[in-house]
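1. Could you look at this predicted model? Sequence included:
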Amino acid sequence: MRILFGQDNDTLHMNPHQSGAYEWWYFDALSDDGRWALVAIFFLGSPMSPYYKAVVAGKNPSPLDWCGVFVTLHESVSGQWVEREYAYNLYRHGDFTDAPNDLTIGNSHLQYNGNSYRLILREKHLWVGETRIEAEFTPKGAPLLHPPLGEASDPHTWVCVAPVCAMEARVTRAGQPIVFRGHGYHDHNFGQLPWHDVAIWYWGEAQYRNQRTVFYCTEYTNSQSESLFLRGEADSWEIATDFPWEVARPTANRFGLSHQKSLRLSPSHQSPYAVLYDEAQGSLSNGPFYRRLAVVIEGDTGIGEVFCPQRLVHPLWSWLMWTRIRRRG
């Protein structure tokens, strides 16, 4: 994996006509009162869809035939996350301008004005209704800058663009407005499929007041591993890579996705950082190859994910994706 920090530029993008290419722009946020959790993702060549299986099968699909928008809004009710809005739609085209963060997929838009990222989300639900959300993510502090880690030829690049953002969202539900503010996060991922070498990865971020913690731990099929740890404030960061980490307390979801719910990260000579994927709060996303859960890092609550790409090609799981995805015109 190649790891980059700082704001995007024109060189950090894939050719949208190259079969197997993929790219996504990820945003998440938690409201200041802990009531709302928002996740929005814009996709070119959606890898977490049957596009992945088509690439593995050698069918040479075009990434532009698999553009997508994912959005989910959860509300915390009695300590449990309850899904209030959900949409995951695929489109056969997207408008990607020369600007690195200005794109349109379906009726949804991502715009960057040099100061903040504006998300306009207009996505049909699986059956009836439509998600209507406008959100603004304003990075705090100067861009996080660090020498590139990894090789440009690596199949996956993760760009930590804005780990600390102020966020404001306006949601329309049943004709009624919901407005909330909170702390947000944004990263950018791209590369070339398939991920033959990745067995599983664990990612998560948490925020307490002005301090952010981000971790990214990957296990490869050759038994090697890779790790990243980021902790600090808008202009002062501790960054560590390739440090020891341990997993414990195995668990599995109802789809048979097995993973560890507890990690111990040792990025420095200090005591290890304890990470817990908190299943007691319920899943923000749950599937045969992917889970998004509440994550607790040293008492700070945030959002984390577990991803096992090898399960994307399972015939049953690939078919079942269509129960949670819609192909739109």
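-> Perfect, I can see it now. Residues are numbered from 1 along each chain as shown.
2. which stretches of the stretch 1-150 of the chain form helices?
-> Assigned by DSSP state H, counting those that start in this stretch, the helices in the stretch 1-150 of the chain fall at 50-56.
3. what does the stretch 201-329 of the chain give?
-> Using DSSP H, counting those that start in this stretch, helices in the stretch 201-329 of the chain cover 315-320.
4. and Q270, backbone torsions?
-> With angles defined as degrees, to the nearest 10, Q270 sits at phi -80, psi 180.
5. Against S108, how distant is it?
-> 42 Å (C-beta to C-beta, to the nearest Å). All C-beta spots, glycine's among them, are computed from the backbone N, C-alpha and C.
6. and stretch 305-314, how far out from the chain's middle?
-> Relative to its chain's centre, stretch 305-314 lies at 14 Å (C-alpha atoms, centre = their mean, to the nearest Å).
7. Output it as PDB, nothing but the C-alphas.
-> Provided in PDB are the C-alpha atoms of stretch 305-314 (Å, rounded to 0.1, in the frame of the first residue of the first chain):
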ATOM      1  CA  GLU A 305     -14.200  -0.500   9.300                       C
ATOM      2  CA  VAL A 306     -13.200  -4.100   8.600                       C
ATOM      3  CA  PHE A 307     -12.700  -5.200   4.900                       C
ATOM      4  CA  CYS A 308     -11.900  -8.700   3.500                       C
ATOM      5  CA  PRO A 309     -11.700  -8.200  -0.300                       C
ATOM      6  CA  GLN A 310     -11.200 -11.900  -1.100                       C
ATOM      7  CA  ARG A 311     -14.900 -12.500  -0.300                       C
ATOM      8  CA  LEU A 312     -16.000 -10.100  -3.000                       C
ATOM      9  CA  VAL A 313     -15.700 -12.900  -5.600                       C
ATOM     10  CA  HIS A 314     -17.800 -15.500  -3.800                       C
END
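8. And the contacts of it?
-> For stretch 305-314, contacts defined as C-beta atoms under 8 Å, 6 or more residues apart in numbering pick out 47-48, 52-53, 56, 194-195, 198-204, 221, 257, 259, 277, 285, 288-293, 317-318.
9. Which members of those residues are positioned in strands?
-> 198-204, 259, 277, 285, 290-293 (DSSP state E).
10. Now that we have the contacts of stretch 305-314, which of them are buried?
-> Applying 16 or more other C-beta atoms under 10 Å to the contacts of stretch 305-314, the neighbour count classes 47-48, 52-53, 56, 194-195, 198-204, 257, 259, 277, 285, 288-293, 317-318 as buried.
11. residues contacting the nearest residue to R92 once chain neighbours are set aside?
-> Using C-beta to C-beta, 6 or more residues apart in numbering and skipping the chain neighbours, the partner closest in space to R92 is D65 (5.1 Å). By C-beta under 8 Å, 6+ apart, D65 lies in contact with 51, 92-93.
12. Quick check: the gap between D65 and V55.
-> 12 Å.
13. is T157 in a bridge, and if so with what?
-> Applying DSSP bridges to T157 gives these bridge partners: R2, F190.
14. give the contact list for it.
-> Contacts of T157 (C-beta under 8 Å, 6+ apart): 1-4, 12, 150, 189-191.
15. now those as a markdown table including pLDDT and neighbour count?
-> Shown next, in a markdown table, are the contacts of T157 (pLDDT from 0 to 100; neighbours: other C-beta atoms under 10 Å):
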| residue | pLDDT | neighbour count |
| --- | --- | --- |
| M1 | 87 | 21 |
| R2 | 90 | 17 |
| I3 | 90 | 21 |
| L4 | 89 | 21 |
| L12 | 66 | 16 |
| G150 | 86 | 15 |
| N189 | 95 | 17 |
| F190 | 94 | 20 |
| G191 | 94 | 19 |
